[in-house]
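I need the structure of the sequence given here:
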Amino acid sequence: MEKSKSKNNSVFYISLGISLAIVAWGIFAQENFASFANFLLSFLTNNFGWAYLISMFIFVLFALVLAFSKYGNIKLGADDSEPEYSTTSWFAMLFGAGMGIGLVFWGVAEPISHYVSPPPGIVPGSNEAINFAIKASFMHWGFHPWANYAIIGLALAYFQYRKNKPGLISSIFIPLFGEERVNGPIGKTIDVLAVFATVAGVATSLGLGTLQINSGLNYLFNLPETTVVQLGIIVVITILYIWTAVSGIDKGIKLLGDINLYLAFGLLVLSFIFGPTLKIINVFTNGLGQYINEFVANSLHVDPFGDKSWTNGWTIFYWAWWIAWAPFVGTFIARISKGRTIKEFIGGVIFAPAIVSLVWFAVFGAMGLNLSETLGVEGLATAATNPSTALFQVFNHYSLGKILSFIAVVLLTTFFITSANSATFVLGMLSSQGDLNPSRQKQFLWGIVQSLFATALLVSGGLGALQTASIAAAFPFIIVMLLAIVSLMKALREEK
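Below you'll find the model as predicted:
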């Protein structure tokens, strides 16, 4: 018990100390911090872009093969265990934690960005640029990111519910390294990395999400975009996400997840009806064909002798960002997936949300690209330069634009709270020896820490640099996740 308590405290204090030190660096030496973070990310994407591409492709391939293998019917728990949550609530929670807010932010902005600034060889504003814009958006938000989350989530759920191990990332590696080593420096290092990746990712999102909510309120109600308003938004959001986190999964997080799902579905349906409906259907059909047809080639595309700036700036950046979020999202998905079979888990965590993401980008991408006929490339370029208001600018050209914008702001807020409260819960778990129901005090502390980090970086202008640093710092998780596959397969082969 003393040993367990010691490890619990050491992971908590080390990860908190590292987070404080890095945030202090970002506040008090902004230029130096930003310069180093940019250098590190540039070095990794230029020299190890191939590692990101191959790893993410392996994650998709492994999940697909595993789902239809003889192991697909193994339950994440005892053979007679049943799921704790309905399929709808389960999907709502995992979707909200995984990328909900990103879809609202980039649903319009990314396709029009690719349309006005495609890779070399594609003429901006051309039909080829339109097709590429949808295909690239499908690629970045489709099967790859969800397969990446599923690797950690599946391995963790298997070991914590079927093998009764602690809910820690390090528990996954017991078959490879043995329990004693996992309880030593190797395991602590993995858990500290997971905590830091979660803190940095969520603090960044809290700050950037605040800016977008402020932009939406400014667009709708002329609320000024000032530091005072942004601090007010952070305070309100913080109160809500800490309250829903400490209320527990069954009450706060599940309830908000269900609300998110209905709001997102409502916004999607209304946009489909009042947007260019026929073009949306055609965009989805054509985009899906291109996405599937060129899936392998695009998964491994790196252009070794050409200009890699677009690939590095978009695909590799996204892959690095998804990997940085994998410890947090994977841990949360594992926590809510007891009683599911491996096949059911992979279907629910990868294929269902990926298809929703493709439909989302078809609807909102088509709404944005449809305006090229009236606004032209230059008009859309203006919207693309400010992604936080692109959605509201596009809605302004359609019927019920104000209503759609209002729903979008509410959805941004609820998705945002869902991601933050899920992360607060996970941080409580990771710093409490994997306790599946961490203390309210520890969750409250992590919620306040994240909020203070976001506030300090927002005021000092260091949010972008922290995002860059967190993505770069997550590079070792490529190795962690590949080893997680090996460890899981070793354990599965020992199943009777």
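
Can you list the low-confidence ranges for the chain?
1-8, 98-100, 462 (pLDDT under 70).

Tell me where the stretch 101-250 of the chain has helices.
127-141, 143-157, 174-177, 179-182, 185-221, 227-246 (DSSP state H, counting those that start in this stretch).

Packing partners of the third one?
By that I understand helix 174-177. In this structure, helix 174-177 makes packing contacts with helix 477-493, judged by 3 or more C-beta pairs under 8 Å, 6 or more residues apart in numbering; DSSP states H and E. (Glycine included, C-beta is placed from N, CA and C.)

packing partners for the helix it packs on?
Judged by 3+ C-beta pairs under 8 Å, 6+ apart, the packing partners of helix 477-493 are helix 30-67, helix 143-157, helix 174-177, helix 185-221, helix 317-335.

immediately after the first one, which helix or strand?
Beyond helix 30-67 in the direction of the C-terminus, DSSP states H and E gives the next helix or strand as helix 87-98.

Okay, buried residues for that following helix please.
By neighbour count with 16 or more other C-beta atoms under 10 Å, helix 87-98 contains the buried residues 89-98.

and residue 327, what is it in contact with?
Contacts for residue 327 were tallied using C-beta atoms under 8 Å, 6 or more residues apart in numbering; they are 152, 169, 193-194, 197-198, 430, 477.

May I ask which two of those residues are separated the most?
Using C-beta to C-beta, the contacts of residue 327 reach their maximum pairwise distance at 430 and 477, which is 13.9 Å.

neighbour count winner among those two?
Using other C-beta atoms under 10 Å, the more surrounded residue of residue 430 and residue 477 is residue 430, with 30 against 24.

Closest one of the buried residues of helix 87-98 to residue 351?
residue 91 (11.2 Å).

who touches that closest one in this structure?
Residue 91 touches 261, 348, 352-353, counting by C-beta under 8 Å, 6+ apart.

Filter those residues down to the ones in helices?
Among the contacts of residue 91, DSSP state H puts 261, 352-353 in helices.

Kindly reformat these as TSV containing neighbour count and distance to residue 105.
Output for the ones in helices among the contacts of residue 91, formatted as TSV (neighbours: other C-beta atoms under 10 Å; distance: C-beta to C-beta, whole Å):
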residue	neighbour count	distance to residue 105
261	20	18
352	16	21
353	24	16
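
the helices in the stretch 301-450 of the chain, which residues?
309-311, 317-335, 342-346, 352-369, 372-384, 387-395, 401-430, 440-460.

and among the ones you listed, the most buried is which?
Most buried of the helices of the stretch 301-450 of the chain, by mean neighbour count (mean count of other C-beta atoms under 10 Å): helix 317-335, with a mean of 26.

what is the orientation angle of that helix with helix 87-98?
Following axes from the mean of the first three to the mean of the last three C-alpha atoms, to 10 degrees, one obtains 140 degrees for the angle between helix 317-335 and helix 87-98.

correct me, but residue 16 touches residue 449?
Yes - using C-beta atoms under 8 Å, residue 16 is in contact with residue 449, at 7.1 Å.

Can you tell me which of the helices of the stretch 101-250 of the chain is nearest to residue 275?
Evaluated with C-beta to C-beta, these place helix 127-141 nearest to residue 275, the distance being 14.5 Å.

Can you tell me which helices and strands that closest one packs against?
Helices and strands touching helix 127-141, by 3+ C-beta pairs under 8 Å, 6+ apart, are helix 100-116, helix 277-293, helix 295-299, helix 352-369.

In TSV: these, plus distance to residue 22.
Output for the helices and strands packed on helix 127-141, formatted as TSV (distance: least, C-beta to C-beta, whole Å):
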stretch	distance to residue 22
helix 100-116	23
helix 277-293	37
helix 295-299	32
helix 352-369	31
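
Ok, which of the ones you listed comes nearest residue 217?
Residue 217 lies closest to helix 100-116 among the helices and strands packed on helix 127-141, at 14.3 Å (C-beta to C-beta).

For that closest one, enumerate the helices and strands it packs against.
With contacts taken as 3+ C-beta pairs under 8 Å, 6+ apart, helix 100-116 sits against helix 127-141, helix 185-221, helix 254-274, helix 352-369, helix 372-384, helix 387-395, helix 401-430.

Need those in TSV (columns: distance to residue 25).
Shown next, in TSV, are the helices and strands packed on helix 100-116 (distance: least, C-beta to C-beta, whole Å):
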stretch	distance to residue 25
helix 127-141	30
helix 185-221	12
helix 254-274	34
helix 352-369	35
helix 372-384	32
helix 387-395	26
helix 401-430	21
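
Looking at those helices, which is nearest to residue 284?
helix 352-369 (3.6 Å).

Can you give the distance from the closest one to the centre of its chain?
Relative to the chain's own centre, helix 352-369 is displaced by 16 Å; criterion: C-alpha atoms, centre = their mean, to the nearest Å.

Run the angle between that helix and helix 87-98 for me.
Here the directions of helix 352-369 and helix 87-98 differ by 60 degrees (the same axes, to 10 degrees).

and the angle for helix 352-369 with helix 254-274?
Angle, helix 352-369 to helix 254-274, by the same axes, to 10 degrees: 40 degrees.

What helices and strands are in contact with helix 352-369?
Taking 3+ C-beta pairs under 8 Å, 6+ apart as the contact cut, helix 352-369 packs with helix 87-98, helix 100-116, helix 127-141, helix 143-157, helix 254-274, helix 277-293, helix 372-384, helix 387-395.

got the ones you listed as TSV, with distance to residue 237 columns?
Listed next are those as TSV, based on distance: least, C-beta to C-beta, whole Å:
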stretch	distance to residue 237
helix 87-98	14
helix 100-116	11
helix 127-141	24
helix 143-157	23
helix 254-274	12
helix 277-293	32
helix 372-384	26
helix 387-395	16
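
Deepest in the core, which of those is it.
Mean neighbours per residue, mean count of other C-beta under 10 Å, is largest over the helices and strands packed on helix 352-369 for helix 143-157, with a mean of 27.

just to revisit the earlier point, sort out which one of the contacts of residue 327 lies nearest residue 274 for me.
Using C-beta to C-beta, those come closest to residue 274 at residue 198, 38.1 Å.

doesn't residue 422 make contact with the closest one?
No - Residue 198 is beyond contact range of residue 422, at 9.7 Å (criterion: C-beta under 8 Å).

list residues touching both of the two?
Contacts common to residue 198 and residue 422, judged by C-beta under 8 Å, 6+ apart, are residue 328.
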